[in-house]
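Novice: Predicted model and sequence follow; I will ask about them next.
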Amino acid sequence: AGNAGQMAAFSSRGPTTDGRIKPDVVAPGTWVLSGYSDQFQQYYDAAPNPQNSKYQYDGWGDPLSDKYKYMGGTSMAAPLVAGAAAVIRDYYQKAHGLAASAALVKATLVNSAIDLLDENNDGIDDNAFPVPNMHEGWGRVDLGTATDGSREFADEAIALTTGDTFSRSLMVDDSLRPLRVTVAWTDAASTTTAGKHLVNDLDVELVAPDGRIFVGNAFVDGWTIAGGVADRTNNLENVYIAPPVPGEWTITVGGFNIPQGPQPFALVIGREATVVQQVPRVTVVGSDADATEARV
């Protein structure tokens, strides 16, 4: 039923610009089968667990079998994402001979995530809150897309200090498939007394063939806007462009402030397989205060 039970499962390093913590991605969190052992008594058993004199939690309804029961909440969503992360790391190992860093796994999870249409669970597929938002972060995990081999990537091959930059060109041959660029890094440890917990601050910037500049995490209605303000809070930055102008794009990752460096990073570049249909916005203005009309 809609997206009921989509639960936050992967936390961001810092809050959003309005100060509230958001998830990075979400995953299904209702009626998920979990491990179960019938060696421990349930509530409907005649006697409690002989080891601690307590009954086992039955989960959601009767157990499926003596090995599985249904559970829900972040306790189910979080291990689902953890399992997806393990599969993604295994994919990089088997397909590319690479022991993927945590930053690359995170960037891949986010870059391939799906923007939910009913992210606020109101029963209407209206995409009322495009990514990123408090309900879903950057979207729902899509393991198939994450491991389909369609994404370009770089994993901590470059480490930046303050003022350093890394640039590469990207050829876009059509404007039909949206462009997604994600940069993530494993930040240095903060302190409990810090007012802001981001330590090493990197920036990602895309320059379009027509000269427009797009910076990380400057989003309006689910897409990056040109001329936005650089993010000074998070250790993950996205640039999503739809439609991307065909031609040569330049991707630059820069070290804005690296007090504990050098700072390596992971870069993931994705092209969505299909055209994103943006919901049109319609405004109706009434000129008749009584809204009367002739009867036929």
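Specialist: Right, received. Where do you want to start? Numbers count the residues shown, from 1 in each chain.
Novice: Assign Ala85 to helix, strand or coil.
Specialist: Classification of Ala85 by DSSP: H, G, I helix; E, B strand; the rest coil places it in helix.
Novice: where's it relative to Ala103, distance?
Specialist: As judged by Cβ to Cβ, to the nearest Å, Ala85 and Ala103 stand 12 Å apart. C-beta coordinates here come from the backbone N, C-alpha and C atoms, glycine included.
Novice: In terms of neighbours, single out the busier of those two.
Specialist: Between Ala85 and Ala103, counted using other Cβ atoms under 10 Å, the more crowded position is Ala103 (23 against 20).
Novice: quick one: contacts for the more buried one?
Specialist: Contacts for Ala103 (Cβ atoms under 8 Å, 6 or more residues apart in numbering) come out as 155-156, 184-186, 264-266.
Novice: between those, which is closest to Thr74?
Specialist: Ala184 (21.6 Å; Cβ to Cβ).
Novice: Helices of the stretch 101-250 of the chain, residue ranges please.
Specialist: 102-111, 143-146 (DSSP state H, counting those that start in this stretch).
Novice: Okay, buried residues for stretch 179-194 please.
Specialist: 179-187 (16 or more other Cβ atoms under 10 Å).
Novice: One more: stretch 145-158?
Specialist: Neighbour-count burial for stretch 145-158 [16+ other Cβ under 10 Å]: 145-147, 151, 153-156, 158.
Novice: Quick check: of the residues you listed, which lies closest to Met76?
Specialist: Within these, proximity to Met76 (Cβ to Cβ) peaks at Ala146, which comes in at 19.5 Å.
Novice: Surely the closest one touches Ser112?
Specialist: Yes. Using Cβ atoms under 8 Å, Ala146 makes contact with Ser112 at a distance of 4.0 Å.
Novice: How many residues are close by the closest residue to Thr165 other than its chain neighbours?
Specialist: Nearest in space to Thr165, with sequence neighbours left out and distances taken as Cβ to Cβ, 6 or more residues apart in numbering, is Gly254 at 4.4 Å. Gly254 has 18 neighbours, counted by other Cβ under 10 Å.
Novice: From Gly144, how far out is Leu202?
Specialist: Taking Cβ to Cβ, one finds Leu202 at 29 Å from Gly144.
Novice: likewise Ala208?
Specialist: From Ala208 to Gly144 the distance is 30 Å (Cβ to Cβ).
Novice: Which one of the two is surrounded by more residues?
Specialist: Ala208 (18 against 8).
Novice: okay, the nearest residue to Asp155 once chain neighbours are set aside: pLDDT?
Specialist: Take Asp155 and drop its neighbours on the chain: the residue closest to it by Cβ to Cβ, 6+ apart is Leu104, 4.3 Å away. Per-residue pLDDT puts Leu104 at 98.
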